[in-house]
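[1] Let me see the structure of the following:
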Amino acid sequence: MPRGKASSLSPSVAAIFGGLVGAGLMGGVAYTHWGNISFGALAGAVLVGALSFGVATGTMSPVTLCAVLLALFFAMIGPGCDDYGGTTVIPGATFGALLGWLFFGRRRAIQPRTAADSAPPRH
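    Predicted coordinates for the structure are as follows:
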């Protein structure tokens, strides 16, 4: 479904906000897994910022963005649940994709089946 015309500020704001959220999540993942927090924050800012920009411009699916965000969140809380191998990321991404599909992926334009269905009703 084609999206409406967005303002030129909207993708920029989405990229900045997404970058901040991604930096926090990936920095948290690096912190909980004893990694380099600054590299994690930079990678998260680039990854989620680019995905958010893509969603705002209509070139990326919101389902993908939700899957990545929940996967990062589950990776961050995984060590608190004795998951140091990172296996909670798979169910987190699956759950995020399902939520993204439920909230954003089912929006479809209702297409008429025949020409008679598209005609206005007669009174």
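
[2] neighbours of the closest residue to residue 62 other than its chain neighbours, just the number please.
    Nearest in space to residue 62, with sequence neighbours left out and distances taken as C-beta to C-beta, 6 or more residues apart in numbering, is residue 104 at 3.8 Å. In this view, the C-beta of every residue, glycine as well, is placed from N, C-alpha and C. By the measure other C-beta atoms under 10 Å, the count of residues near residue 104 is 14.

[3] Against residue 78, how distant is residue 104?
    In this structure, residue 104 and residue 78 are separated by 26 Å, where distance is defined by C-beta to C-beta, to the nearest Å.

[4] cool, and residue 28?
    Residue 28 is 11 Å from residue 78, where distance means C-beta to C-beta.

[5] Residue 86 now?
    Remark: distance between residue 86 and residue 78 (C-beta to C-beta) = 6 Å.

[6] of these two, who's got more company?
    A side-by-side neighbour count of residue 86 and residue 78, using other C-beta under 10 Å, places residue 78 first with 20 against 15.

[7] SS state for the more buried one?
    Under the three-state scheme (DSSP: H, G, I helix; E, B strand; the rest coil), the conformation of residue 78 reads as helix.

[8] do residue 53 as well
    Residue 53 falls in the helix class when you classify it by three-state DSSP.

[9] what sits against it?
    By C-beta atoms under 8 Å, 6 or more residues apart in numbering, the contact list for residue 53 reads 11-12, 14-15, 18, 60.

[10] Name the nearest residue to the residue nearest in space to the middle of the chain, ignoring sequence neighbours.
    Centroid-nearest residue in the chain: residue 65, 1.5 Å away (criterion: C-alpha atoms, centre = their mean). In space, not counting the residues next to it along the chain, residue 65 is nearest to residue 51; the distance is 4.8 Å by C-beta to C-beta, 6+ apart.
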